[in-house]
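*Asks:* How does the following fold in three dimensions:
(one chain, ligands or ions: 3)
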Amino acid sequence: MQKWRHVFKLDPNRKLSDLALKMVCTSGTDAVIIGGTDGITFENTFALLQRVKQYPIHCVQEISNHSAVMPGFDGYLIPSVLNTEQAYWIKGAHFEAIQKYGHLIPWQQIALQGYVILNPDAKVSRLTKCDTQLTPQDITAYAQLCDQLFRIPIFYLEYSGTYGKVEMLKAARKGLKQSRLFYGGGITTEEQAKDMAAWADTIVVGNLIYYHVERAMNTVKWVKETPLRKGE
Ligand SMILES: CC(C)=CCC/C(C)=C/CC/C(C)=C/CC/C(C)=C/CC/C(C)=C/CC/C(C)=C/CC/C(C)=C/COP(=O)(O)OP(=O)(O)O
Ligand SMILES: O=P(O)(O)OC[C@@H](O)CO
Ligand SMILES: [Mg+2]
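*Replies:* Numbering: from 1, shown residues only. Ligands and ions are numbered 1, 2, ... in the order given. Predicted structure coming up:
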């Protein structure tokens, strides 16, 4: 995870042809994340994991509900939503999962992600009732909260389904010292990929795989050829 520059996120609740899956897994991306907001079950997660396992690519699960928790992944990403008032999405679901699986949890393979979700129309925003009306100053403060106070290893700026604002990414970068900065949301063009890759350590591409897989393949090179800027 410390070296990831580009990753694809696959949704077990969406159809993907064998050819498209092969393209994703042999694209040169650094890892495949399996997860999504709704309709995620043990069965569809298991089926997708088995398909991805045919390829020599790191595959991690991003856990969004208890019933899909599954052994066999190379690692686990656990979201915690920072810009919600609902404690359940910050730590409540996590408490329940630990009560259920505590004795089985491979702690060394787990990383927490501090999410700030900024697209009000994404399913994940509606689910977690997050406050998306944030200023760049708010984003810098959330980044500091994540990094300096909570010491969470990943700060994830999430625009799922829509392309975000570079200014928000710059504001996040300002507040970070240790945490990695993930950006995900609406990347479809070379310019978008490069503009975000200049500020984020890791770029996550999801939806594009499902409607234009050839273009999604290009995002790997667009991101990887972009140098990372750490200051203005
Ligand atoms: C051996 C064994 C059993 C191994 C596993 C052990 C293990 C790792 C146990 C789990 C420990 C643990 C603490 C789990 C946490 C459980 C949990 C349910 C946490 C809550 C996570 C959370 C805040 C979910 C809310 C939704 C969310 C933030 C999802 C992240 C993914 C995301 C943002 C997807 C984007 O949404 P998408 O579906 O693409 O949306 P659009 O359709 O709108 O684009
Ligand atoms: O699906 P897109 O909009 O590419 O976003 C990627 C990822 O951040 C979703 O959780
Ligand atoms: Mg999605």
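*Asks:* contacts and neighbour counts: CA atoms only from here.
*Replies:* Fine.
*Asks:* how far is stretch 3-14 from where the chain is centred?
*Replies:* With Cα atoms, centre = their mean, to the nearest Å as the basis, stretch 3-14 stands 7 Å off its chain's centre.
*Asks:* Kindly confirm whether my reading is correct that Thr29 touches Lys9.
*Replies:* No. Counting by Cα atoms under 8 Å, Lys9 is not a contact partner of Thr29; they are 10.7 Å apart.
*Asks:* okay, which residue of the protein is out on the far edge from center?
*Replies:* His103 (26.1 Å; Cα atoms, centre = their mean).
*Asks:* need the contact list for that residue.
*Replies:* Residues near His103 by Cα atoms under 8 Å, 6 or more residues apart in numbering: none.
*Asks:* Now do the contacts for Leu118.
*Replies:* Applying Cα under 8 Å, 6+ apart, the residues near Leu118 are 125, 131-134, 157-159, 164.
*Asks:* Please apply the same query to Asn44.
*Replies:* Counting by Cα under 8 Å, 6+ apart, Asn44 has contacts 12-13.
*Asks:* Arg14 versus that one, what's the distance?
*Replies:* 9 Å (Cα to Cα, to the nearest Å).
*Asks:* Ok, Arg180 next?
*Replies:* 28 Å.
*Asks:* With Tyr142 instead?
*Replies:* 32 Å.
*Asks:* Compare the two and say which one has the larger neighbour count.
*Replies:* Tyr142 (23 against 13; other Cα atoms under 10 Å).
*Asks:* Which strand or helix spans that one?
*Replies:* Assigned by DSSP states H and E, Tyr142 belongs to helix 136-144.
*Asks:* Likewise for Val7?
*Replies:* strand 6-10.
*Asks:* Using the three-state scheme, assign Lys15.
*Replies:* Following DSSP: H, G, I helix; E, B strand; the rest coil, the label given to Lys15 is coil.
*Asks:* if I look at the residue nearest to Gly36 when sequence neighbours are not counted, how far off is Lys177?
*Replies:* Nearest residue to Gly36, sequence neighbours excluded (Cα to Cα, 6 or more residues apart in numbering): Asp11, at 5.3 Å. Distance, Asp11 to Lys177, by Cα to Cα: 31 Å.
*Asks:* re earlier: list of residues touching the helix holding Tyr142?
*Replies:* Contacts of helix 136-144 (Cα under 8 Å, 6+ apart): 82, 116, 155, 167-168, 171-176.
*Asks:* ditto for stretch 65-84
*Replies:* 40-43, 45-46, 49, 58-64, 89-91, 93, 97, 109-117, 128-132, 142.
*Asks:* run the last query once more with 6 Å
*Replies:* The contact list for stretch 65-84, computed with Cα atoms under 6 Å, 6 or more residues apart in numbering, reads 41-42, 59-63, 89-90, 109-116, 130-131.
*Asks:* Among the residues you listed, name the ones in helices.
*Replies:* The helices, defined by DSSP state H, take in Phe42 from the contacts of stretch 65-84.
*Asks:* hmm, which of the contacts of stretch 65-84 are the buried ones?
*Replies:* 41, 59-63, 89-90, 110-116, 130-131 (16 or more other Cα atoms under 10 Å).
*Asks:* Which of these fall in strands?
*Replies:* With strands taken from DSSP state E, the overlap with those comprises 59-62, 110-116.
*Asks:* now, among those residues, which is nearest to Gly36?
*Replies:* Relative to Gly36, the closest of these is Glu62; by Cα to Cα it sits at 7.7 Å.
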